[in-house]
Each structure stands twice: as C-alpha cells, then as structure tokens.
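Trainee: Sequence first, then the predicted structure, then my questions.
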Amino acid sequence: MLKKTPLHRLHKELGARLVDFGGWEMPVQYRGVLEEHLATRNAAGLFDVSHMGEIEVSGEGALAFIQEVTVNDASVLANGQVQYSAFCYPHGGTVDDVTLYRFAPDHYLFCVNASNTEKDFAWLEQVLEEGAFPGVKLRNVSDEFAQLALQGPAATAILGRLTDTSLEKIAYYHFFEGLVAGVPAIISRTGYTGEDGFELYFAPAAAEAVWRALLAAGASDGLLPVGLGARDTLRLEMKYALYGHELSPEISPLEAGLGWIVKLDKPSFIGREALLKQKETGLRRRLAALVLTEAGVPRAGYPVYAGEELVGEVTSGTMSPSLRVGIALALLQPSQAAIGTPLQIGIRHRRVSARVAKTPFIRK
Amino acid sequence: MEFPEELKYTEEHEWALAEGDIVTVGITDFAQDSLGDIVYVELPQVGAMVEAGKTFGVVESVKAVSDIYAPVSGEVVEINEELPDAPETLNTSPYEDGWMIKIKVADPAVVDELMGAEEYQEFIEEEG
C-alpha cells in the first residue's frame, strides 16, 4: 500500500499522473515536465513535498548529539537559521543528506528524504542509545507536517499576498514562523530548484486550503503545480545531489562534491576518520557535470568513456529543459573530471560525445 | 484521445497505414500521452530492413526511454527527417506530422491482421 500525502485527492483532481516514488504515490507531472520546469524558472511552481520526513531533536544535549551525527558544523547556527548537512556511516558512505533547522539552542528539526525517514530515525536512535547524550529527545514528527515548496522568481510576490510576515527579512537558508493563508507555518527560504523561493511546513489538515490559496494567489503570475519530474530536472540543472543517485551508502559526500558541508576540523563526528582519510589519500572518484555535444539523453547507469577506457558512470541525466541539450552528473576518475575534458557516454549502441562542464549548468 | 478509424494498431502502441505496398508507421496518441514530453527520436536509415515485432527506433521523453517496434517486415524507404530536430511533433501530431518511417512490404495484407481502432481502444482500456 503506497503512502499518500494530504494533497493526494487534489492531485487527482488536477489530472496529475501519479507514480510510486520511494513508497509514496506522488504526482510526477500535471501538464507536462517541460512546461512545469519552465514555469518554475520564469514565473513560479508549487510542489507538494509532504512526503519529506521531519525528525525533531530536543533537550539540553541536542547540539552535542547533532554535532556527532552530522558532517557540517551545527554550532554556527543561530535561531531561525537552516543548514544543509549529511549523516554518514563510520566508513564515510552517506546515510542521508538533510537540512537542519534551529528553533532554539535545545530545539532542532531535520528535514530528511522521504524514503530514508525510517532508516534515518532508526540510525539516529541507535547512535543515541549507544552514546552518552543525556537529555536528548528524538521524535519522528513526519506525520505532523505537510510541506509545500513555492519556487521561482515570482514566489516572493505570490507568498507576500498570503502572509503578513516580512518576506524580505527572511534571508536565504533562514526561516520565520508565521501565518500563511491564516495557517501557522514554518516559512523557510530554501529550495531544490536554484530559484528564489520558500518551503512551507504546516499541519496536514490545512494542506488543501494552503495549496488552493497559493495556486489562486499566483494564477495571474503563471504559477503552476509542478510534479516530481520537473523537480528532478530543476535540481539536476543546478547539480543538486539526489539521494540514491549522487549520494548513497557507497558514495561519500566528498565524492559527491559536497566537501563544503564536511567540516573535518570539527573534533568528532561519525564518519570523520574515513572522510579525513579519503581527503588525505585522494578521492577514488568524484562527481562531475557533463554536457552532451551531440544529440542524446544521458541517464543513470550509463557508462562514461575516455576513448576506449571506462572512466565512470552517470548518476543522473536528462534533457535540460532550459538548455535543450543532454546533461548528466557522473562519478568519474578524478583525472578525467577537469572542466573541458572531452569524454563519451555510452547510450545503447552509441558513444555520444560530451565534455566536463562548469556547474550549475544554467547561469542564474 | 484520438484513434483514427483508417489506421491499424499494435499492442506496443504503434499505428500503421497501408497505401499500396508502402506502410507508414508512427506511435499512437496513447503512446505519446503516456510518455509525456518527447525530447529525442532515433530512426533507422533509409534502406534498413525491419522485422515485424522487432525494434526499429527509440523515442525518449524527459523521464523514459521507449523502444519502437515495427508492425510489419520490409525495407525502410523513407524516414521523417524532421523528427530528430523536432521530437515534440510526436506529442503534437502523432498521426500526421509525427509519422516516423515508411516500410515497403512484400504483402500489404499483413497490415489487415493488426488491430482496428475499436479493438485497440478496448486493448488499452483492459491494459490500463
């Protein structure tokens, strides 16, 4: 039995095509991936991301616990600030990539990938049980939140019509608690598209009302409901990692190009020794961006060649709706990952030319 | 969704139209709708031999790769050369501007063995 978000009925009403996404029946598209992608880039898109998990950490020892389970440095967070981070296994592979919200020095919230929620929670509980973190309380509060993402250049104007919160005061990767269409919400200036915008967390019972209010408020700006299909192409154009593709138990954040969130100068965290060793001895492979220089659509699992030599594998690929060319992320031998390196992607019976590109693929 | 009466249909969602010994082939409205935005088309070369039930080309949408099967056996005598540069034509006009290849067949009667419009509609309703 697939899990459903509180907006499931509305998605059907809007004519969405629903698919199984990590155990959730989710809209992959409403009117079409290309149209939804471009609406988000040029106007705004509204995404139901209620499948995402939320895990609350509270208590006096919350920060010490979070410092141990995350690779980034949570001690720099102020109240109302968000941080991109990751959980790692002792061998350096990735449990999940997450965003961390600080409400108070003893109150935090992790937003985690939907299909990893139970795994993450069990892993956190295990770390908590095995370590010395007195007074830390963990709660899987995923069922207490619906989440919508409003993304695009018109997002601020649209949301501004439904809230008294001064949106201009919410800086990137910060949040406020305010009312949206009269509903108490966490208003977070974050997203997964590369556009300005917000992620809104609120009670599931209010999901339909907030969704309808946002769609109505943004209709004149060209706001469209957007499915997971365009969510994927949007994030891919920005080189944002997707767990299960660019990150996994076998892929470390360093290999995935996320060295900027791995704070090896933090005295202790799970995976630190392995990641330090990876850094000191040199990475076996690293994530690079590829742009096809002839027609074709690269996809996850396709091999990457330098001449006759197999040098890596595509982790995600698509036809870029913005650029109208094939783009891919690939784990490559580091010697082949320099910008401009000419490579070939094996697409069925063909070898299609590509080169290593700068990212993000699109210039904002 | 439209399924013109004059066309014949396959279980793999191609359509075929016989005119003399030339059979024009494309994908159905159902196929293009299921695939979504089509962004890449691969066709055989003129002169290639295709075999009924075997793949002759590929259509890719943003999300999926789909093999296209030949409804009949024969020689490819013409391809829609505009398609690779305008794959979205398969979405907007699957039965006309979006035709894919023309096959010269030995016996045009083989086309009559394919499904008619009504039968095909029943087939996709049962399948879906």
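Mentor: Sure thing, it's come through.
Trainee: residue boundaries of the helices in chain B?
Mentor: Counting by DSSP state H, chain B has helices at residues B:29-35, B:89-92, B:117-127.
Trainee: Correction: the previous question concerned the stretch 101-250 of chain A.
Mentor: Along the stretch 101-250 of chain A, counting by DSSP state H, counting those that start in this stretch, helices occupy A:117-130, A:155-160, A:207-218, A:228-237.
Trainee: quick one: contacts for residue B:36?
Mentor: Residue B:36 sits next to A:17, A:29, A:32, A:33, A:229, B:61, B:62, B:63, B:64 when contact means C-beta atoms under 8 Å, 6 or more residues apart in numbering or on different chains. All C-beta atoms are positioned from the backbone trio N, CA, C, and that covers glycine.
Trainee: switch the cut-off to 7 Å
Mentor: Residue B:36 is in contact with A:29, A:32, A:33, B:61, B:62, B:63, counting by C-beta atoms under 7 Å, 6 or more residues apart in numbering or on different chains.
Trainee: now the helices of the stretch 101-250 of chain A as TSV including mean neighbour count and distance to chain B?
Mentor: Output for the helices of the stretch 101-250 of chain A, formatted as TSV (neighbours: other C-beta atoms under 10 Å in any protein chain shown; distance: least, C-beta to the nearest C-beta, whole Å):
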stretch	mean neighbour count	distance to chain B
helix A:117-130	15	24
helix A:155-160	20	23
helix A:207-218	19	22
helix A:228-237	24	5
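Trainee: Look up which residues are beta-bridged to the residue positioned nearest the centre of chain B.
Mentor: When C-alpha atoms, centre = their mean is applied to chain B, the residue found nearest the centroid is residue B:26 (2.4 Å). Beta bridges link residue B:26 to residue B:15, judged by DSSP bridges.
Trainee: mind listing what it touches?
Mentor: Counting by C-beta under 7 Å, 6+ apart, residue B:26 makes contact with B:14, B:15, B:94, B:95, B:98, B:99, B:100.
Trainee: switch the cut-off to 6 Å
Mentor: Residue B:26 makes contacts with B:15, B:94, B:98, B:99, B:100, as judged by C-beta atoms under 6 Å, 6 or more residues apart in numbering or on different chains.
Trainee: got it, and residue A:86?
Mentor: Shown in contact with residue A:86 (C-beta under 6 Å, 6+ apart): A:71, A:94, A:97, A:253.
Trainee: Contact residues of chain A facing chain B?
Mentor: Proximity of chain A to chain B (C-beta under 6 Å from any C-beta of the partner chain) is limited to residues A:32, A:33, A:34, A:229, A:297, A:319.
Trainee: ranking the residues you listed by neighbours, who comes first?
Mentor: residue A:33 (28 neighbours; other C-beta atoms under 10 Å in any protein chain shown).
Trainee: Is it correct that that one is in contact with residue A:227?
Mentor: No - if you go by C-beta atoms under 6 Å, residue A:33 and residue A:227 don't touch, sitting 7.4 Å apart.
Trainee: From residue A:76, how far out is the nearest residue to residue A:109 once chain neighbours are set aside?
Mentor: Closest residue to residue A:109 apart from its sequence neighbours, by C-beta to C-beta, 6 or more residues apart in numbering or on different chains: residue A:101 at 4.3 Å. Separation of residue A:101 from residue A:76 (C-beta to C-beta, to the nearest Å): 14 Å.
Trainee: So between the two, which is more surrounded?
Mentor: Ranked by neighbour count (other C-beta under 10 Å), residue A:101 and residue A:76 place residue A:101 first, with 24 against 10.
Trainee: Can you give me the distance of the more buried one to residue A:290?
Mentor: 34 Å.
Trainee: any idea of the pLDDT on residue 34?
Mentor: Assuming you mean chain A. Predicted confidence (pLDDT) for residue A:34: 97.
Trainee: my bad, chain B
Mentor: Note for residue B:34: predicted pLDDT of 93.
Trainee: Let's have the contacts of residue A:86 in a markdown table, adding pLDDT and neighbour count.
Mentor: Listed next are these as a markdown table, based on pLDDT from 0 to 100; neighbours: other C-beta atoms under 10 Å in any protein chain shown:
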| residue | pLDDT | neighbour count |
| --- | --- | --- |
| A:71 | 98 | 27 |
| A:94 | 98 | 26 |
| A:97 | 98 | 24 |
| A:253 | 98 | 27 |
